[in-house]
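Peer 1: below are the sequence and a predicted model; questions follow.
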Amino acid sequence: MAKPNMTIADAVVLSDVRVLCSLGLAREIREAARLSQSDVARILGVNYSCVSRWESGKRLPCGMHAIRYGRLLSALFFERISPDLV
């Protein structure tokens with residue numbers, strides 16, 4: 001559930017990252033970027049086990065860590081496909 005101080009953009013990112021995790025696509029994006037779960041955890045300031053649980057679907061990311069994770073995945077995805085679009 002969105003917090004009162006969450007922007008609409010944050011709510012969309014939160015929803016998107018949860019879908020990516022539940023479909024196993026978050027892991028695919030991370031692996032395509034050649035990042036480990038530990039790399040992502042360091043970037044987000046969480047334990048690697050959090051990333052592991054998110055990617056395995058055991059837990060859904062929530063709060064600001066989820067929003068940061070969603071933004072990271074988006075950046076990794078668009079960085080990867082950008083050359084293909086030109």
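Peer 2: Thanks, I have it.

Peer 1: how about Pro64, what does it touch?
Peer 2: No Pro there; residue 64 is Met. Counting by CB atoms under 8 Å, 6 or more residues apart in numbering, Met64 touches no other residue. (Each C-beta comes from the backbone N, C-alpha and C, glycine too.)

Peer 1: and the pLDDT for it?
Peer 2: Each residue has a pLDDT score; the one for Met64 is 93.

Peer 1: any idea how far Trp54 is from it?
Peer 2: 14 Å (CB to CB, to the nearest Å).

Peer 1: then Pro61?
Peer 2: From Pro61 to Trp54 the distance is 5 Å (CB to CB).

Peer 1: list the buried residues in the helix or strand harbouring Ala41.
Peer 2: For Ala41, the element it lies in under DSSP states H and E is helix 37-44. Buried residues in helix 37-44, counted by 16 or more other CB atoms under 10 Å: 37, 40-41, 44.

Peer 1: state the mean pLDDT of that helix.
Peer 2: 97.

Peer 1: quick one: name whatever helix or strand follows that helix.
Peer 2: helix 48-56.

Peer 1: that next one: how far from the chain's middle?
Peer 2: Between the centre of helix 48-56 and the centre of its chain there are 10 Å (CA atoms, centre = their mean, to the nearest Å).

Peer 1: quick one on the thing from earlier: name the residues that touch the helix holding Ala41?
Peer 2: By CB under 8 Å, 6+ apart, helix 37-44 touches 30, 47-48, 50-52, 55, 65, 68-69, 72.
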